[in-house]
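Enquirer: Let's see this in three dimensions:
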Amino acid sequence: SDLRDIVENELLTTTATRALLPDDKIVEALIAPLQGIKDKALLVKRFDRLPSGTKIHFEEFNQLLGRRSGDDKYNAAYEDMASFILDTPGCTPVDAWRLYRRVLVCILTGNTDAHLKNFAMLHTPNGLRLTQAYDLVAAALYPEYQTVALSVGGTANLTLANVGPKHLVSFGDASGLSTDVIAKVVKELDAHRGDAEKAVAAEAKKIGAEPLGKDLLDMMERRWNGTFSLIGR
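Expert: Next comes the predicted model:
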């Protein structure tokens, strides 16, 4: 309750992520009244239920990597999740690519609190597969959340402003991606930035959060110019 516009923030960050990764699976969410709740509520459609209500087994990476509950969810690197996908029988390497793109979008949108419990895998007949992307919040819009949740590129406790091209390229290498694939990921994100800007602006106007939407887009522009645009140079 002490974080301003947190409900609107998550909706706008989710909107930006969906526009930046149009071929990925992102949770459906909306702001709507909820009986018994006087404040605004963000309703998120569950990805771990069938239409019948039957549960679908999934595990967060905090469990998959054998971490305990609590702050252990911060004691890891994004590379640890990629390594799990690449080294675990039944997983598919393409999920390491999907994970890489999602983490890059977290950096771009200022989602600094993307810890191990914010990534998960479904148990399917064909093996483990990444769930939909969820819990997407531009935490860096709040002054107290400037440090990236997990290590990246071999460096822990990075502030968002200090995440450089070398960190993201190193993470790509650890994810089994070639230099060309890493460059292609960045190029595709760049191609969708205009769509993300339009989507965030439209959603912000719809929910009466234009100043917040502008703050999010301004931060994304700074992150692009300060980090992403330098990859490959």
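
Enquirer: Can you give me the buried ones in stretch 181-192?
Expert: Across stretch 181-192, burial judged by 16 or more other C-beta atoms under 10 Å covers 182, 185-186, 189, 192. No exception for glycine: its C-beta is placed from N, CA and C like everyone else's.

Enquirer: List every C-alpha atom in the longest strand seen in the chain, with coordinates, as CSV.
Expert: With secondary structure taken from DSSP state E, the chain has its longest strand at strand 37-44. C-alpha atoms of strand 37-44 as CSV (Å, rounded to 0.1, in the frame of the first residue of the first chain):
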residue,chain,number,x,y,z
ILE,A,37,-12.2,-5.2,-1.6
LYS,A,38,-12.6,-1.4,-1.4
ASP,A,39,-9.3,-0.6,-3.2
LYS,A,40,-8.6,-1.2,-6.9
ALA,A,41,-7.8,-4.8,-7.7
LEU,A,42,-5.7,-6.3,-10.5
LEU,A,43,-7.4,-9.5,-11.7
VAL,A,44,-5.0,-12.0,-13.4
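
Enquirer: So which of the buried residues of stretch 181-192 is the closest to residue 15?
Expert: Closest approach to residue 15 among the buried residues of stretch 181-192 (C-beta to C-beta): residue 192, at 12.4 Å.

Enquirer: Excluding sequence neighbours, find me the nearest residue to residue 22.
Expert: residue 192 (6.6 Å; C-beta to C-beta, 6 or more residues apart in numbering).

Enquirer: who's in contact with the one you found?
Expert: By C-beta atoms under 8 Å, 6 or more residues apart in numbering, the contact set of residue 192 is 19-22.

Enquirer: Any chance of a PyMOL selection covering the buried ones in those?
Expert: Those of those that meet the burial criterion (16+ other C-beta under 10 Å) are gathered into one PyMOL selection, given here:
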select buried, resi 19+20+21
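
Enquirer: out of the contacts of residue 192, who's nearest residue 99?
Expert: Distances from residue 99 to the contacts of residue 192, taken by C-beta to C-beta, are shortest for residue 21, at 11.5 Å.

Enquirer: So the closest one sits against residue 103, correct?
Expert: No: the criterion here is C-beta atoms under 8 Å, and residue 21 misses it with residue 103 at 11.3 Å.

Enquirer: Check residue 1 and give its pLDDT.
Expert: pLDDT for residue 1: 69.

Enquirer: typo on my end, residue 233
Expert: 78.

Enquirer: Just give the closest residue to residue 18, not the sequence neighbours.
Expert: Residue 18 sits nearest to residue 26 (C-beta to C-beta, 6+ apart), 4.4 Å away.

Enquirer: For the helix or strand of the chain at the bottom of the mean pLDDT ranking, could you pull out the residues that count as buried?
Expert: Within the chain, no helix or strand scores below strand 37-44, which has a mean of 91 by mean pLDDT, DSSP states H and E. Neighbour-count burial for strand 37-44, with 16+ other C-beta under 10 Å as criterion, is recorded at 42, 44.

Enquirer: Please apply the same query to stretch 209-226.
Expert: Judged by neighbour count (16+ other C-beta under 10 Å), stretch 209-226 contains these buried residues: 209, 212-213, 215-217, 219-220, 223-224.
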